[in-house]
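Participant: Give me coordinates for this.
(2 chains)
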Amino acid sequence: MSPANICAMARLKGLDLIALTDHNTGGNLAACGEAARRNGLQFVPGMELCSREEVHLLAYFRDLDAALQMAEAIRPLLPQANNRPDTFGHQLLMDSGDRVLGEEDALLIGALDADLETLTGMVRRLGGAAVPAHLYRGYGLIQVLGFLPETPRFYAVELALGQPVPEGCLALYNSDAHQLGMIQERIHALPVADVPGLIAALNGKLPGILTENANHHKEGSTPW
Amino acid sequence: MDIKQLVGLVQGSTLSAPEMERPLTCGYVCDLLSWVMARGQPGMAWVTVQTHLNVIAVASLHEMACVILPDGIMMEEAVLQKAREEGIAVVTSPLSAYHICGLMMGGGLPPPET
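Facilitator: Here you go, the predicted model:
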């Protein structure tokens, strides 16, 4: 997985929009955003945050600036440990042409020293959207905390196809690709035009989208 | 063993103390709330590092007696308030979860019936 490869593959698959959500860092967002633009893709700068409860939370932002502010804000909340490349792999920083610029030394795999409510608040104050990742799996909110809490209220959740959609939540069927081949075909769509529209939908600001989206998925998985 | 005796046993401090003479039925330790939701029992003393409001909801669902926080972990006041409303005792102990469980077992508190 590298910025140019990801974006070229996404274009081959006919995708309109991709998000990059590295674990607890925004170190490759600028490069991937640039590669996305070159490939005619809309790009959502994001992050997959790990809360103190060990719940994974996807954070999506309207622009790079907001995402990098978040990255800066969580930096002091990272575990005080260095990465061990032999165990966890290399945490490479690249440019948009896949040249290696350096390596992130801080261990990014652990939990941040902030709870779910705090992290969600930080994301929303920066104009972003917070979405519990892989809801029913390991590190998913339902597995860790048993059920969706009253606060923070979530308006969208990341699911695998066929899993129950919590009431009042928009279902996101992301590829959650950790390898190039895992990037999905153009099979899921949301009726939004652009990144601000997506963020608004994920924040529950487009209530009509719930029924529209449910109907779409009932009809089948053809692209919009 | 009742809650009051447990507090002494684990060198704990009570953060929520609705009914200190309530007898305990069994002890358990787990930090995945979905797991505990499937295994909780009435009168249980549950050791967890989690402090989210959902902990109290799960404890209340199973009419547990007590939540024990190891390693000196504290719980937010809003969560403690809910614990008091629901009649769940919350105890924080400076000891590790391992140590607390060892003391509970040694003190005669059995594991949950399966």
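Participant: so what's the closest residue to A:Arg84 other than its chain neighbours up against?
Facilitator: Spatial nearest neighbour of A:Arg84, excluding adjacent residues (CB to CB, 6 or more residues apart in numbering or on different chains): A:Leu107 at 7.6 Å. For glycine as for every other residue, the C-beta is placed from the backbone atoms N, C-alpha and C. Taking CB atoms under 8 Å, 6 or more residues apart in numbering or on different chains, we find A:Leu107 in contact with A:78-79, A:81-84, A:88.
Participant: Redo those residues as TSV? Include neighbour count, distance to A:Ile187 and secondary structure.
Facilitator: Below are the contacts of A:Leu107 laid out as TSV (neighbours: other CB atoms under 10 Å in any protein chain shown; distance: CB to CB, whole Å; DSSP: H, G, I helix; E, B strand; the rest coil):
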residue	neighbour count	distance to A:Ile187	secondary structure
A:Leu78	18	35	coil
A:Pro79	15	37	coil
A:Ala81	11	39	coil
A:Asn82	10	40	strand
A:Asn83	17	35	coil
A:Arg84	10	37	coil
A:Phe88	12	31	helix
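Participant: Could you work out the most separated pair of those?
Facilitator: Largest separation among these by CB to CB: A:Leu78 and A:Arg84, giving 14.6 Å.
Participant: Please determine how far the residue nearest to A:Arg84 is located from A:Asn82.
Facilitator: As for A:Leu107, its distance to A:Asn82 is 6 Å (criterion: CB to CB, to the nearest Å).
Participant: touching chain B at all, the host helix or strand of A:Thr118?
Facilitator: If you go by DSSP states H and E, A:Thr118 is part of helix A:116-125. Yes: Helix A:116-125 is in contact with chain B by CB under 8 Å from any CB of the partner chain, via A:Leu116.
Participant: Can you name the residues in contact with that helix?
Facilitator: By CB under 8 Å, 6+ apart, the residues outside helix A:116-125 that reach it are A:49, A:51-53, A:55, A:57, A:59, A:61, A:70, A:73-74, A:112, A:114, A:129-130, A:141, A:145, A:149, A:151-152, A:154, A:203, B:52.
Participant: tell me the contacts of the closest residue to chain B within chain A?
Facilitator: Residue nearest to chain B within chain A: A:Gly146 (3.5 Å; CB to the nearest CB). A:Gly146 makes contact with B:33-34, B:36-37, B:54, B:57-58, according to CB under 8 Å, 6+ apart.
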